[in-house]
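Novice: Predicted coordinates and the sequence they were generated for:
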Protein chains: 2
Amino acid sequence: VKLATVATPKGPRAARLADGGEAVLLPYSDVVALLQDPSWKEIAQNEGEAGEFELGPLPAVRPARVLCVGLNYRSHVLETHNEVPEYPTLFAKFPTTLTGSTSDVLLPVASSQVDWEAELGIVIGAPAYQVSEADALDHIAGFTAVNDVSMRDWQRRTSEWLQGKNFDASTPVGPVVTTSDEIDSAADLLLTCHVDGVLMQEARTSDLIFNPAMIVSYITTFMRLEPGDLISTGTCGGVAVARPDLPFLKDGQVATVTIEGIGSCVNVFRDEPIAEGDRT
Amino acid sequence: VKLATVATPKGPRAARLADGGEAVLLPYSDVVALLQDPSWKEIAQNEGEAGEFELGPLPAVRPARVLCVGLNYRSHVLETHNEVPEYPTLFAKFPTTLTGSTSDVLLPVASSQVDWEAELGIVIGAPAYQVSEADALDHIAGFTAVNDVSMRDWQRRTSEWLQGKNFDASTPVGPVVTTSDEIDSAADLLLTCHVDGVLMQEARTSDLIFNPAMIVSYITTFMRLEPGDLISTGTCGGVAVARPDLPFLKDGQVATVTIEGIGSCVNVFRDEPIAEGDRT
């Protein structure tokens, strides 16, 4: 099943999406609220009604807790560091950092180094505290695509990356949450990022150092995860900051993060917001 | 005015506290909800009703956004590093990390290095985005005390401190939020931490490298702060990890963080939670 938070004339709604692009609107205001219902699998499968909707202006999920993993693709770590890390590197995003899979992203005046990061996002489906690796997949609802857009100049001002990772409405999430059963728990999905159609990043999720089950188990050692919580699993090689020949994102450029079985975040980066009437 | 989220027989409530310890219950479920009402100053001053309450089991505020500053006391930085930092070091706590000013804090099995950190907390009182230093104090409701309890072994596993700073219910906040007008915007308050009555940390907020106005202005460059949001401003010298002669916190020890004009967080650290009936 593919789930998404869609825009409707009456406001945001959770929806189930068919491959043809049709949606069935579900009786919840968003996917996080849906997942908080312990019967969400049955509801997502069987309930709902047709209705007018738009997919893309809202993040697929906007939970209270968003965690991110750094340095998590073997090929990328070996290429830039010497050692595979012993523990996952974790940092946080505030929910207000998230944006839609088709939303424009503002290039802030304060940063001149806005970079892309294609990532697999884990969406929690059941409360999880001190869960073993063997049991962790039972607590995952599904997976989404994340562009962990990073302001490198701010990220590198101090040891802690937060300030380069939390510009408001800078992190596209979506277009959908594909449930685990449809994509073999994201064990081996192709992940890419294109900028203006040029391939910048390409990896398979089987190259993750800490896979989804390991990450969920590790985090729940110290904190309880709740349904809807999002964990972005880290990016692979090919970001601008690691390639001095490549410029950072500029006005009008399009970054496209695609994950097999999930779909694409396609976002235009702009120096100025476009007024509604000027949109083409 | 001193505000707090108190426990009542009917659940959490915002309250105004008098110096004698009496409380007036306000018509909001907590201080964050109160501060989200643009008329909160008038309401906090003039409304409410007497009622049964307990101060301490709940954090004074539990907002959606909790930011923390590291390395922010001049004396401490100069003692342990060579340079005063150019930018504030920022990291995040999830709301579920917060706990009450009198709550027991569990010493987790997973960590053997649980440390104290006395900190001044800023509580936002009006939405703030791209606010200048000169205007920042107008967006601050008041100040509270925070014990930014840190699991040093986890904090040091990777470059990002989050995992050592986000054990569930490990960060006492309170007992009250004292409004800015009562304490000269926290410009020069005495801050201490005692462990079992022995003074471990002592500083004045006038020694902050980045003061509250600078911190709020800096953060709002990249994100909008909302009423109730909490920013913990960093700790001074005297933590266990910097003093090899001192052990980390052990079962039954009491850490007391006190700030002049605000009050104390007094928390017992325990290997096992105490059953309600066994409390003395």
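Specialist: Ah, there it is.

Novice: So for stretch A:84-95, mean pLDDT?
Specialist: Per-region confidence: stretch A:84-95 scores 96 on mean pLDDT.

Novice: what's the answer for stretch A:142-160, then?
Specialist: 97.

Novice: Flag every buried residue along the helix or strand of chain A with the lowest mean pLDDT.
Specialist: Least confident helix or strand of chain A, by mean pLDDT, DSSP states H and E, is helix A:74-80 with a mean of 78. For helix A:74-80, the neighbour count (16 or more other C-beta atoms under 10 Å in any protein chain shown) marks A:76-77 as buried. Quick note: C-beta positions are derived from backbone N, CA and C, even for glycine.

Novice: After it, which helix or strand is next?
Specialist: Counting by DSSP states H and E, the next helix or strand C-terminal to helix A:74-80 is strand A:89-93.

Novice: just checking, what packs against that next one?
Specialist: strand A:66-70, helix A:162-165, strand B:89-93 (3 or more C-beta pairs under 8 Å, 6 or more residues apart in numbering or on different chains; DSSP states H and E).

Novice: who's in contact with the shortest one?
Specialist: Here helix A:162-165 makes contact (C-beta atoms under 8 Å, 6 or more residues apart in numbering or on different chains) with A:68, A:91-93, A:97, A:111, A:148, A:150-157, A:171, B:67, B:87, B:90-92, B:219, B:222.

Novice: can you check the first one too?
Specialist: Residues outside strand A:66-70 that contact it (C-beta under 8 Å, 6+ apart) are A:88-95, A:97-98, A:119, A:148, A:161, A:165, A:210, A:215, A:219, A:229-234, B:158-160, B:162.

Novice: Mark which of the residues you listed are buried, thanks.
Specialist: Buried members of the contacts of strand A:66-70, scored by 16+ other C-beta under 10 Å, are A:88-95, A:97-98, A:119, A:148, A:161, A:165, A:210, A:215, A:219, A:229-234, B:158, B:160, B:162.

Novice: need the contact list for residue A:59.
Specialist: Shown in contact with residue A:59 (C-beta under 8 Å, 6+ apart): A:5, A:98-101, A:171-174.

Novice: Show me these that map onto helices.
Specialist: Assignment to helices by DSSP state H places none of the contacts of residue A:59 there.

Novice: Format those residues as JSON lines; extra columns: distance to residue A:134 and pLDDT.
Specialist: Below are those laid out as JSON lines (distance: C-beta to C-beta, whole Å; pLDDT from 0 to 100):
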{"residue": "A:5", "distance to residue A:134": "31", "pLDDT": "98"}
{"residue": "A:98", "distance to residue A:134": "31", "pLDDT": "98"}
{"residue": "A:99", "distance to residue A:134": "35", "pLDDT": "98"}
{"residue": "A:100", "distance to residue A:134": "35", "pLDDT": "98"}
{"residue": "A:101", "distance to residue A:134": "33", "pLDDT": "98"}
{"residue": "A:171", "distance to residue A:134": "31", "pLDDT": "98"}
{"residue": "A:172", "distance to residue A:134": "33", "pLDDT": "98"}
{"residue": "A:173", "distance to residue A:134": "28", "pLDDT": "98"}
{"residue": "A:174", "distance to residue A:134": "30", "pLDDT": "98"}
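
Novice: Quick check: the farthest pair among those?
Specialist: A:5 and A:171 (14.6 Å; C-beta to C-beta).

Novice: The two - which one has more neighbours?
Specialist: Set residue A:5 next to residue A:171 and count neighbours by other C-beta atoms under 10 Å in any protein chain shown: residue A:171 wins out with 30 against 27.

Novice: Relative to residue A:198, how far out is the more buried one?
Specialist: According to C-beta to C-beta, to the nearest Å, residue A:171 and residue A:198 sit 22 Å apart.

Novice: Can you classify the residue most central in space within chain A by secondary structure?
Specialist: For chain A, the residue nearest the mean C-alpha position is residue A:146 (2.4 Å; C-alpha atoms, centre = their mean). Using DSSP: H, G, I helix; E, B strand; the rest coil, the secondary structure recorded for residue A:146 is strand.

Novice: same thing with residue A:216?
Specialist: From three-state DSSP, the assignment for residue A:216 is helix.

Novice: which residues does the nearest residue to it once chain neighbours are set aside contact?
Specialist: Leaving aside its chain neighbours, residue A:216 sits nearest to residue A:136 (4.1 Å; criterion: C-beta to C-beta, 6 or more residues apart in numbering or on different chains). Residue A:136 makes contact with A:128, A:212-214, A:216-217, A:220, according to C-beta under 8 Å, 6+ apart.
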